[in-house]
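Q: no sequence on this one, just coordinates:
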């Protein structure tokens, strides 16, 4: 049964008002809470380790899978392995948020290892939202590991968002792109207080005419620390573009360490990174429209992270 | 005595037709060859290790120091430590090329460790050209280490060029910038055949309103390999900009691993990197003007590395 706290977490991490339509698997405090499958999307429990296998039939269109994880107990470290088979020529939305409500002083941690096989010509949109809350002093920790293989002509579009309440995160994302495959990543990260975040994204462009675009935007406030390792490796005729923009405030620290490597003279790779504070002209302009400095700041940050 | 080979090397690494004007120290095959000092610029031999101390009096203007190194013997590993005291409010040009003519099959190597103190308000322009030649099969190796401290209001402008004949190079450059200090680095690198080059530049912006700009351009041809680690660290209100462009050809490999870190919310750091081949439109345009493909390619590369 989902209580009021669970429902609020579902709303934060999966934009869900109650139980989703279509296929879903809700996990709570390390256990399956409820599940629904459809004719085209099957979900089975792994036998060898905690986690599920999600199998999307070839040609499935316009369906979605929600696999939110709720953690509302302290002192829990939940490790889960999920495997996704996204069938050829399908078009699906997968929503995989995790929310932690930590009521106590012990830590609450979720490590999700997600592996995706995006088959020939399939299009997958993957949304992952991370969120933490709780009146206690216990750390809320989320360490996602995401491994994606995109076969010929496939498309993977990732939306990775963590903007509230996560104390520590180590995000590892590894993507391999085959012929004509395409990757679009949009990462949004906000840290504050004593939080720290490390995000490592490695993209291997192994197939001819594969393309990858990563846009990472972050805001670091208070004493928080962020590190980004964005790594793009081109082994053949391919195109890659990384853009990494960070707004730094207060006593925060941000480090951006991209890496582009061309192993082939037909690989075309571009990287841009910028770290700086909010443009003062933007603030001044909003304040002349009647906003306080705080409101102006919030408006700029919201626009930046949208 | 300088022979014909020595004179050609001097021309390549220091644009010198014979003996330079002003202060100079010519080093050949691990030994002092000739030296000149001026009223304002003193050069003394280090007593504890191979190398020289170059002392430029405060307020010295419009003078230059040439300290070329010639290696024309195989089987020689020459290590030299040079220290430069660039007096307050002076304006000087320091030219420190190294050329290797390796006639045999043994390796010829020069490791130059240069340390600079650019005092308050001084402006130093430092030009370092590296060049290799020789009918033999022996490797020509140049490993420069450059350490620079720029005091309040000082300016260091570096022009680092290696475009011919160096088989292996490991270039380490470390710069610390104090209040209002300024750094401008222009690096040009071309590798071909089986050559490899690694360039590591670390800039520490420790003083308020210090600024740094690094422009690195490289061309990698044949089987050659290049790695760039350009690292900028802002500890206070400061501005830094790294731009790293590489043209990759044939079976070459290029890796660009910049790092920007802001330890202060008033640090403003930007990085841009691009790896790609020569734009085909440029080649087509030059070829319609009557150039062969080879001539068109050379024209574009010359313009790029100028």
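A: Nice, thanks for sending it over. Since we're looking at a predicted model, the values are computed, not measured.

Q: which bits of chain A sit near chain B?
A: By CB under 8 Å from any CB of the partner chain, the residues of chain A that approach chain B are A:234, A:246, A:248-263, A:265-277. For glycine as for every other residue, the C-beta is placed from the backbone atoms N, C-alpha and C.

Q: quick one: buried ones out of those residues?
A: Among these, those scoring as buried are A:234, A:246, A:248-249, A:252-263, A:265, A:267-277 (criterion: 16 or more other CB atoms under 10 Å in any protein chain shown).

Q: quick one, helices of the stretch 151-300 of chain A?
A: Ranges of helices in the stretch 151-300 of chain A, per DSSP state H, counting those that start in this stretch, are A:280-288, A:293-305.

Q: could you dump those into TSV and include mean pLDDT?
A: TSV is the format used below for these (pLDDT from 0 to 100):
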stretch	mean pLDDT
helix A:280-288	89
helix A:293-305	91
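
Q: ranking these by burial, who's on top?
A: Highest mean neighbour count among these (mean count of other CB atoms under 10 Å in any protein chain shown): helix A:293-305, with a mean of 14.

Q: run through who's touching that one.
A: Under the criterion CB atoms under 8 Å, 6 or more residues apart in numbering or on different chains, residues A:163, A:188, A:190, A:217, A:219, A:245, A:247, A:278-279, A:282-283, A:286-287, A:291 lie in contact with helix A:293-305.

Q: filter the residues you listed to the buried ones?
A: Buried among these (16+ other CB under 10 Å): A:163, A:188, A:190, A:217, A:219, A:245, A:247, A:278, A:283, A:286.

Q: so the closest residue in space to the first one that isn't next to it in sequence bridges to which residues?
A: In other words, residue A:163. Closest residue in space to residue A:163, ignoring its immediate chain neighbours: residue A:190 at 4.2 Å, by CB to CB, 6 or more residues apart in numbering or on different chains. Beta-bridge pairing of residue A:190 under DSSP bridges involves residue A:219.

Q: contacts only, for residue A:190.
A: Shown in contact with residue A:190 (CB under 8 Å, 6+ apart): A:162-164, A:218-221, A:301, A:305.

Q: roughly how far does it sit from residue A:291?
A: Separation of residue A:190 from residue A:291 (CB to CB, to the nearest Å) stands at 20 Å.

Q: if we can go back for a sec, out of the residues of chain A next to chain B, which sit inside strands?
A: Using DSSP state E, the members of the residues of chain A next to chain B that fall in strands are A:234, A:246, A:248, A:253-256, A:259-262, A:267-276.

Q: residue closest to the middle of chain A?
A: For chain A, residue A:160 is the residue whose C-alpha lies nearest the centre (CA atoms, centre = their mean; 2.4 Å).

Q: pLDDT score for that one?
A: Listed pLDDT for residue A:160 reads 95.

Q: my guess is it meets residue A:188, correct?
A: Yes: proximity of residue A:160 to residue A:188 meets the contact threshold set by CB atoms under 8 Å, at 7.1 Å.

Q: quickly list what's touching both of the two.
A: By CB under 8 Å, 6+ apart, no residue touches both residue A:160 and residue A:188.

Q: ends of stretch A:120-139, what's the gap?
A: For stretch A:120-139, the separation between the terminal residues is 41 Å (CA to CA, to the nearest Å).

Q: any buried residues in it, and which?
A: Neighbour-count burial for stretch A:120-139, with 16+ other CB under 10 Å as criterion, is recorded at A:120-134, A:138-139.

Q: the stretch 1-150 of chain A: helices as residue ranges?
A: Under DSSP H, counting those that start in this stretch, the stretch 1-150 of chain A gives helices at A:4-14.

Q: residues in contact with residue A:152?
A: Applying CB under 8 Å, 6+ apart, the residues near residue A:152 are A:120-121, A:178-181, A:207.

Q: for those, could you give me JSON lines that also reports distance to residue A:46?
A: Formatted as JSON lines, the contacts of residue A:152 follow (distance: CB to CB, whole Å):
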{"residue": "A:120", "distance to residue A:46": "25"}
{"residue": "A:121", "distance to residue A:46": "27"}
{"residue": "A:178", "distance to residue A:46": "26"}
{"residue": "A:179", "distance to residue A:46": "31"}
{"residue": "A:180", "distance to residue A:46": "32"}
{"residue": "A:181", "distance to residue A:46": "27"}
{"residue": "A:207", "distance to residue A:46": "29"}
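
Q: with respect to chain B, which of these is nearest?
A: Of all these, chain B sits closest to residue A:207, with 18.3 Å by CB to the nearest CB.

Q: give the contact list for the closest one.
A: Going by CB under 8 Å, 6+ apart, residue A:207 touches A:152, A:177-181, A:236, A:238.

Q: per-residue confidence at it?
A: For residue A:207, the pLDDT comes out at 98.

Q: measure it to residue A:88 for me?
A: 16 Å.

Q: do you know the pLDDT at the nearest residue to residue A:146 once chain neighbours are set aside?
A: Distances taken as CB to CB, 6+ apart place residue A:173 nearest to residue A:146, at 4.6 Å, with adjacent residues excluded. The per-residue pLDDT reported for residue A:173 equals 97.

Q: what's the neighbour count on residue A:173?
A: 22 (other CB atoms under 10 Å in any protein chain shown).

Q: wait, doesn't residue A:224 sit right on residue A:196?
A: Yes: using CB under 8 Å, residue A:224 is in contact with residue A:196, at 6.4 Å.
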